[in-house]
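Asks: fold the following.
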Amino acid sequence: MKYEKIILAGGSGYPGGVLANHFKPLAKEVIILSRKPAPADHNIRTLVWDARTEGKWCESLDDAELLVNLCGKNVNCRYNSRNRAAIIQSRVDPTQLLGRVIGKMKQPPQLWINVTSATIYRHAEDWPQDEESGEAGYGFSVDVCRQWEETFFNSHTPQTRKIALRMGIVLGQKDGVFPRLLNLVKLGLGGKQGDGKQYVSWIHEQDVARCTEWLIGQRELEGVINCTAPEPLKNDELMDPLRSAYGIPFGLPAPAWLLEIGARLIGTETELILKSRWVLPKRLIDDGFTFSFPTAGFAIKDILSTRI
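Replies: Got it, this is the predicted structure:
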């Protein structure tokens, strides 16, 4: 085996499943920290934690090659006071806990990746945002990311390298954005959302897994790293190859006012669709990471072919 132990905190959801399946043939042991028990799947096992208090699970972190923290309430909800508090708490509390535990260990994880969000950057239609020249935005989502990353980097873990992986929109087979966009296309609603000029910074799920593993070996890299494909595109440009790949030439557009009504009805926020996230993975590119799916058209065709 290439690795002895990989830890996925909050890894019972969709991104955790992608990483667990990637590391399954590569690691002697993949451990998922989850609030709910689950049966073992060969070398993948689940340990129960509450993400707030120390317990038996702490021992599992000992001398792991990689710890990935994926904890956080889904932001696909209305930003009322209750949900705002839960979104912040579900990110900050586990990060504080992991930092406290790691800081006391004699053999802590070698690398700790906190999966944060590329939404920390401002709405950008004028030029792309990267780790060096990008500008932070404003509003609730940005405030969440700031608190999240400050908690992460302020934790005292001198023996553990730390990376805040600012993730773009993940495109994959079973969950996330792609199946929802595909449903819109099937219903003839796969046109542009809003004016269609907002940028979408996306990444194929397999490049998420490959990038995460690649960072284990890049021992000089730490700090903030953008995890997005190198060729972001505008919303209307994303919907076009999706329709083409599925053989549907036309899709009705959804203006901003209609999206707002729909968002209220289904309990979400239009920011998730209308904010222009024009983010580039400068540090990954500069340090030689090669994307398997650099273009959206290629990524979409791959996902559709594996769904059949």
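Asks: can you give me the strands for the stretch 1-150 of the chain?
Replies: Using DSSP state E, counting those that start in this stretch, the strands assigned to the stretch 1-150 of the chain run over residues 3-9, 27-34, 44-48, 66-69, 111-117.
Asks: is it possible to export those strands to TSV including mean pLDDT, distance to residue 228 and mean neighbour count?
Replies: Glycine gets a C-beta too; all of them are placed from N, C-alpha and C. What follows is the strands of the stretch 1-150 of the chain, written out as TSV (pLDDT from 0 to 100; distance: least, CB to CB, whole Å; neighbours: other CB atoms under 10 Å):
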stretch	mean pLDDT	distance to residue 228	mean neighbour count
strand 3-9	98	21	22
strand 27-34	98	25	21
strand 44-48	97	27	18
strand 66-69	98	17	25
strand 111-117	97	11	25
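Asks: ok, residue 33 touching residue 9?
Replies: Yes: if you go by CB atoms under 8 Å, residue 33 and residue 9 touch, sitting 4.4 Å apart.
Asks: okay, residue 304: pLDDT?
Replies: Listed pLDDT for residue 304 reads 80.
Asks: if you could redo that for residue 307, that was the one I meant.
Replies: Residue 307 is given a pLDDT of 53.
Asks: with residue 88 instead?
Replies: pLDDT, residue 88: 94.
Asks: likewise for the one 3 residues further on?
Replies: Looking at residue 91, its pLDDT is 96.
Asks: count the residues that sit near it.
Replies: By the measure other CB atoms under 10 Å, the count of residues near residue 91 is 28.
Asks: against which helices or strands is the helix of greatest length in the chain packed?
Replies: Counting by DSSP state H, the longest helix found in the chain is helix 81-103. Packing partners of helix 81-103 (3 or more CB pairs under 8 Å, 6 or more residues apart in numbering; DSSP states H and E): strand 66-69, strand 111-117, helix 140-154.
Asks: that helix: which residues count as buried?
Replies: Buried residues in helix 81-103, counted by 16 or more other CB atoms under 10 Å: 83, 87-88, 90-99, 101-102.
Asks: quickly check those for the two that are furthest apart.
Replies: 83 and 102 (29.1 Å; CB to CB).
Asks: bridged to the nearest residue to residue 98 once chain neighbours are set aside, which residues?
Replies: Distances taken as CB to CB, 6 or more residues apart in numbering put residue 69 closest to residue 98, at 6.0 Å, once the chain neighbours are dropped. Beta-bridge pairing for residue 69 (DSSP bridges): residue 9, residue 114.
Asks: quick one: end-to-end length of stretch 53-68, please.
Replies: 18 Å (CA to CA, to the nearest Å).
Asks: please disregard the earlier target; I meant stretch 289-300.
Replies: End-to-end distance for stretch 289-300, by CA to CA: 21 Å.
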